[in-house]
Every structure is written in structure tokens, then in C-alpha cells.
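Engineer: can't give you the sequence, but here's the structure:
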């Protein structure tokens, strides 16, 4: 029956069949809430926990503390030093990984059903009783400093830092969450413990689980892992005041190919025009080979291997960014073509055919995202953080399809800002005035 | 009725290697024209990945045309007799799918990910461009600029990549693996229509290709469609054997330093010529795979224990072995010194630790932990059938068979501590090695 229906739909409007993602909301006896997709076909579970706040919780003079702390969580816990701990984890064949971004710290895990209780006990100790031993701090700090040194001569990193410094003023977003060589060198064990206490609390926790686990088993697991966390963490900073002026800034760097990061003010995820902007971005520069920029800059002129744009709606500010790289003597051409396309989109808008193609792609590609337990767990946590309803997946394509040509062209005229589009170019560009 | 008959014929043709309960659901068969087919089923979501792998990569290129395999990969997105330039990708996108391609030393592969009911359309288009591309001079000129910018982005702008090219070139005295996949820049600049078409006509044929379909599909239906679209393409009777110039005995240790102002973090890399996984004889490769895991695969690996935790000389250690390869591969070590530690000190310490490891022998508990993780990896792998498909595609283009792929996990489990040490003694030989130092160009050698 399902197959026949799918075929009919395909004939009618060329939409693929849907992945069936049945999300349950589970609340543990201790009051922790999680979203769950049960799938007992493979004997393992992916569990994603995310804490809102991230590296933006750093005090200005302690930049990099949250990032370094997130690298130290796995460096020993309870009565286990780092080496004993690593052996325990490897013997269980589970994986725990930690990631600190501007807006969150996440713990992504997967573990087999056969030894789940042992894994959960180890994870509980990890989250509640990290050691932050001095020798571990020294070692991991060395790794972070090594990475920071490499970033200093990476044209993409240089461009990112330069652009952020311009756009975000004195907000935490203006500087790299990994910190600077100076700030990281100065961090103490007390700073790491403070960062740990700032981040891990129940008032900012979001959980998703997918796989071979029942709602009841998940409830027990949530209480074991999380119910004893503190109720509150550090206050999240205010929103950033984004300031991007048009023009070009050049950061001189001796390398054969210039890297350009370009951008303008963005649009918030909860803005009523977000979906129109989302489709607009797809047509202009987000849609891979099919985008206008890819067609103009790469396919027609061979000026680059890749050009793309992306909406970046973060918790505390939204920007609209893009990137391109071309040989030093060709980057000026690439910049000009991008500028012209930006202006053309703002003044002329898009065609009905472009809109229809974008909708077909975006609605058809959506179910392809749900292609693994870990991915689905991550998506569910993202949905909760954006305050989307639990049935959002079933309604999301309707929101895309509801956007009209009038909407998207109105938003193109209002939102796209060719005059305010700034290019930060790293390299030895020829014919560009910084 | 016709359909039912065809189905039963397909059932006979297909060797139904329906894996045991709880294992990968893999079916393989071969079309009449010699095209191999691998189907991996996963019915959890109505999605399919359709791939065609060619047994042709950069190591199959003619001398002087480095980069042509990858150049041709780009050109396969241009026009055919029935499709305009870009139409294939546009059609995939219009059906809500994604497509791309990639090239390596031993293979070139094309793929689309799309809703499962679009499989037939994907096959029709992919089969079309196997024989029918129509290139213009403008395609050649523009796309050559694109691959040069790709080389700029991946290699010229990245001192670690430039260093890696020099390491490889020094490692292989005679084999084509010493030439970068993307090509040497001066040869890429000269690639033309004839180079591209000659490579295409020689290598792109069903008897040199493997179809890999993964996801929500029925192997019998895949067989029907594959017969319809790929089965009708004639085999190339003149397909050349894949005979490449092999390495002579390597008898002299090589050393190089690569200096670049853009280097912030210097390091030492060492590579040894090493045997690859051979059909029906993967035991030595299994031992080398485990050797890499034991020496440098994790936090608890031997190099890390000694150099990072005990002696505190480095910030990173790693050991790598790429066993899936048509010809001789490499076994690689890398150490990134801590602040204040010279490259010479780091290299000496690395050599001492490797020789201690061989002298001490393998710790059985360490080996058992790695084997447990490999067993678990088989469970986790079932969550990613596209990954399973890729594994078959790489193996089958690199001289291995379906049976080799399926035997590999058990061969890994059977490898003993003695096997591992024997393999280490055989491969860790200065005469077959290259040692490279990546340095800032203002750095003084100590």
C-alpha cells in the first residue's frame, strides 16, 4: 500500500516517499525530557546531549576556557586517570565525542545494547566527576596551542577571524572560541572548573536518542546520567549587534590562491521570512552545482573550484555568508561576478522556474538527511533548541511549498544588500583595493 | 508474465549471499557483459545510493598526462548524445537528490543519493554517460581552469599537501602512485580533448565497471534494471590489463625536508613501502592493519603512551596503513613535536619507541581491546549502508573480490601477536623508507 501511494505521489509532483520518523517525547521519572526514535533493527543506540551556551560563555579574559574544558572531559574521571579511562572506554567499544561551538557544547555518544549499563555508568562518571588533572591540562593545552598556531597560517581561518572581528564588535562571537595563544596559555585549573560549572546544567539541556532502546529504558538512563546535574548554569550573553559595511578588506598572505569570505546581515530562524530567504539562498549560492553563483563563477568562467553561500542563524546573531577561492590574478573577477549576481538578484529577483526547481530539490532532499541513528538524534536536538514542535518534520515541506514567487522576490529586494556586502580576501590578490 | 519470468531468471543469476541474521545484507552478481553488481539492502528509509565505479584511476594514466583521470571525471558532467551539459546533476536535483564523483589512484566513481523510486532514472543517465559523452573545446578550456583552481585549493594553498606530494614522489621510484591524483600542475595545464577522450574510450566500459546500489532496494529489481540499462552496453574487447610499472627493490633510505613560510606546526612523517591486501591472501595486510592500530590508532596506542604520556615529547602521534590498493602501498608514522622539542629529537624518540615495541612484543590485552572494537564496528557499520557500498567499490576496483571483503573481519580477528610482530619486522626497514620533515622556512636544522 505504501509503495503504491509513493508511486502515485511521484507521478503527480515528483516528490519522493517519506522516511517514517516517529518521535516520542520521553520524560524520565526524575523530570528529564528527551525525544526518542525507537529502532530495534540494529543493536545499538545513538544518544545526543547538548547544552546551550557554548564558548560564548567564556569571560573575555578567559577566552578558550570552554573549548579547552570540552577537550579535557575525556581525560580521566572518578578514580581513573586518562590512560585507565581510555582503556575502559575502548574495551566497551562505545564512542563519546565532545564539541564546543559558539552556541553549545554537545556530547555525542553511541553504544552497543550488550553492554549498555556499563557504558552508562562510565558516561555518568565522565559527566559528573571529570578530573581535570594538571598533567592532562598541560598536554591538552599543548594540543590546542598547536592547533591555534596552525590556524594562524591557514587562509580560511585568517579570513574567518578577520570577518568576525569586523562584524561582531565586542561580542564573544567576534573572537575565536578556541581562544588565543595568550589567553589559552594563561588558563588555570580553576578556570577549567569554572567553565565546567558554567556549561553543564539542566536549564539548558536538550536530549535526543535513536536506536535499540525503549522509552522506559531511556527514562532510567536519563536519570542515571543527568538528573543530578545542577539546575542552572551561567547566564547566556545578550544578542550581538551585527555591523557589516560594504567594501573589500585584504589581508596580505603569501599564497598562490586567494580565499575570500563574503557576507552581509542575516535573517533569524524565527523570522516569518526565513523560509523565503532559505529558498533564495539555495537559488543564489547554496544549491551546489545548480546555484546561480556556481553557474556563473565556475561553470561559465572556470574562475573557481567552488563557491557557496550559507545562512548562519546563530542564537545571538544572524549573518549571511559565502566563500570562494581563486588564483591571485583571478580573484578580482570572481568578486565582481558575485557582486553583480547579488545586485541582479536584489533588483530582478528570481523566476518561477527557479523557485519551482528549488522547492522540488529542498523538499525532496529533506528526507535524505535522516540516514543514520546519530544524524537523527542530532537533528532532534537541533529541533528542540530551535523550539520547533515535535511534528515539525511532517510539516516542514509544507512551509517550503507555501513560499510564493512574490514572497521570495520581495525578500530578495528587502534582504539582499549588494551595497552592504563585504569581502574579506586573504592572499596576494591582484586588482583588488583593500 | 514477462516480468515474472525475468524475475526467476534473475534469481538464478544472482548469487544470493544473503548474509546471516544480524549481518550485512549483501547480494552480488555479474551481468552478461562483465559488469559486476553489488547490492546492499537497508529498508529503514526509502532512500537509495546508486554508484558506478570504474577500475581506472590516476595510476592508470599514460605518462605525461597526469590528472587526466580526474579531469575526465569533471567532464562526465558535460553533455552526452541525449543530455545537455549539467543536465544530469540538474535532473538529480530536480528529483530531490544529490550527486557527485571522486577519483583516486585505482578508481573513479560516480554516485547519486535519491529517493528509492528514482533508481531507474539514475541508471538511465549513468549508463548514457558511460559511452556517449560529447565534449566541446569550450568544456575543455573552462573545466581545465576549474581543476587548476581545485589544485590551488587542495594543494598549492596547503603546505602539508605539498609536503605529502614530495613524500610520495620519493617513496615510489617507478610506480605511478608517486604522481599526485590531481596531477602535476605543468601537465594539467596541457591536458586536452584527445587526452580526455582517449582515457574515456579505453577505460569506460561495462566490463571495467562495478555497479553498487545501497539502500531500500530489492536485488531482483536491481538486476532487472541493470540488465536493461547497463546490460545492453557492449563490453570493450580491447580493455587493457592493468599492468603498471612496479617498484624495483628499494635499497636506499630517503630523507627530505620541505620548508614553507606558511608552516606553523612542524612535524616528522615516515613512510615505508608495504604490501597491500591481495585477493585470497590478506593475512599480512591484516597484521599490518592491527600494527597501525596498536602503534598509533588511539589514545592508548604504544607511540602515544610512550611519547605523549611518558616522555611528553609530542602533541600528536599516528600510524596509518591503507591496505586497499591494487599495488604496493605504504605504512606511515607521524609525530608532531611539543613546543621546544626539535624534529630530530622527535624522530629519534619515534624510532626508539618503534624498535622497543618490536622487541617487547604485543600486549594481548591491547590486542583484544582492538579486536572488540572491530567487532563492534561491524554493528555500527550497518547504520551506514552507503559506507558498506563504498567498501565494496574500493575493494573491487583494487584487485579484491567479494569473498575477500567478506572474509576480512574474520581474518582480522584471527591475526595473532606473532603475526603482527613478524609483519612489523618485515615492513619497518630503513631501505624502503622515506623520512620527511615539514618545517618553517626560517627554521634552523639542529
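Structural biologist: Arrived safely, thanks for sending. Keep in mind the model is a prediction, meaning the values are calculated, not measured.
Engineer: ok now stretch A:47-59, how far from the chain's centre?
Structural biologist: 12 Å (Cα atoms, centre = their mean, to the nearest Å).
Engineer: Please apply the same query to stretch A:46-57.
Structural biologist: Worked out by Cα atoms, centre = their mean, stretch A:46-57 lies 11 Å from the chain centre.
Engineer: distance between the ends of it?
Structural biologist: 27 Å (Cα to Cα, to the nearest Å).
Engineer: Could you pull up the contacting residues of residue 229?
Structural biologist: Answering for chain A, as no chain was given. A:127-128, A:200-202, A:205 (Cβ atoms under 8 Å, 6 or more residues apart in numbering or on different chains). C-beta coordinates here come from the backbone N, C-alpha and C atoms, glycine included.
Engineer: Actually, chain B is the one I wanted.
Structural biologist: Contacts for residue B:229 (Cβ under 8 Å, 6+ apart) come out as B:120, B:123-124, B:126-127.
Engineer: Check residue A:121 too.
Structural biologist: residue A:224.
Engineer: what's the helix or strand for residue A:315?
Structural biologist: Per DSSP states H and E: residue A:315 is located in neither a helix nor a strand.
Engineer: how near is it to residue A:229?
Structural biologist: 21 Å (Cβ to Cβ, to the nearest Å).
Engineer: do the same with residue B:45
Structural biologist: According to Cβ to Cβ, residue B:45 stands 34 Å off from residue A:229.
Engineer: in what helix or strand does the closest residue to chain B within the stretch 251-400 of chain A lie?
Structural biologist: Residue nearest to chain B within the stretch 251-400 of chain A (Cβ to the nearest Cβ): residue A:364, separated by 1.3 Å. Using DSSP H and E, residue A:364 sits in helix A:352-365.
Engineer: average pLDDT across that helix?
Structural biologist: When pLDDT is averaged over helix A:352-365, the result is 94.
Engineer: same check, this time on stretch B:220-230
Structural biologist: So the average pLDDT for stretch B:220-230 ends up being 98.
Engineer: likewise stretch A:233-252?
Structural biologist: Mean predicted confidence for stretch A:233-252 is 96.
Engineer: Next one: the residue of the stretch 251-400 of chain A closest to chain B from residue B:118, what distance?
Structural biologist: 9 Å.
Engineer: Same check on residue A:341?
Structural biologist: From residue A:341 to residue B:118 the distance is 30 Å (Cβ to Cβ).
Engineer: now swap in residue A:371 and tell me
Structural biologist: Counting by Cβ to Cβ, the gap from residue A:371 to residue B:118 is 16 Å.
Engineer: that older thread, so what's the residue of the stretch 251-400 of chain A closest to chain B closest to, chain neighbours aside?
Structural biologist: Nearest residue to residue A:364, sequence neighbours excluded (Cβ to Cβ, 6 or more residues apart in numbering or on different chains): residue B:96, at 1.3 Å.
Engineer: helix or strand for the one you found, which one?
Structural biologist: Going by DSSP H and E, residue B:96 is not in any helix or strand.
Engineer: next one: residue B:349
Structural biologist: Assigned by DSSP H and E, residue B:349 falls in helix B:343-360.
Engineer: same question, residue B:255
Structural biologist: According to DSSP H and E, residue B:255 maps onto strand B:254-259.
Engineer: got the angle between that strand and helix B:343-360?
Structural biologist: 140 degrees (axes from the mean of the first three to the mean of the last three Cα atoms, to 10 degrees).
Engineer: Strand B:254-259: partners in the sheet, and parallel or antiparallel?
Structural biologist: strand B:433-439 (parallel) (DSSP bridges).
Engineer: what distance separates the strand it pairs with from the centre of its chain?
Structural biologist: Counting by Cα atoms, centre = their mean, strand B:433-439 comes out at 23 Å from the chain centroid.
Engineer: just stretch B:329-336 next, same as before
Structural biologist: On Cα atoms, centre = their mean, the centre of stretch B:329-336 falls 17 Å from that of its chain.
Engineer: which helices and strands does the helix holding residue B:349 pack with?
Structural biologist: For helix B:343-360, the elements it packs on are strand B:267-274, helix B:283-296, helix B:302-303, strand B:314-321, strand B:329-337, helix B:417-427, strand B:433-439, judged by 3 or more Cβ pairs under 8 Å, 6 or more residues apart in numbering or on different chains; DSSP states H and E.
Engineer: tell me the SS of residue 145?
Structural biologist: With no chain named, the answer covers chain A. With DSSP: H, G, I helix; E, B strand; the rest coil as the basis, residue A:145 sits in helix.
Engineer: For burial, what's the neighbour tally of it?
Structural biologist: Residues near residue A:145, counting by other Cβ atoms under 10 Å in any protein chain shown, number 22.
Engineer: ok, so what distance separates it from residue A:59?
Structural biologist: 20 Å.
Engineer: what does residue A:208 give?
Structural biologist: Counting by Cβ to Cβ, the gap from residue A:208 to residue A:59 is 30 Å.
Engineer: cool, residue A:280 as well?
Structural biologist: For residue A:280, the distance to residue A:59 - Cβ to Cβ - is 38 Å.
Engineer: who has more neighbours, those two?
Structural biologist: Shown here are residue A:280 and residue A:59; by other Cβ under 10 Å, residue A:280 has more neighbours (30 against 14).
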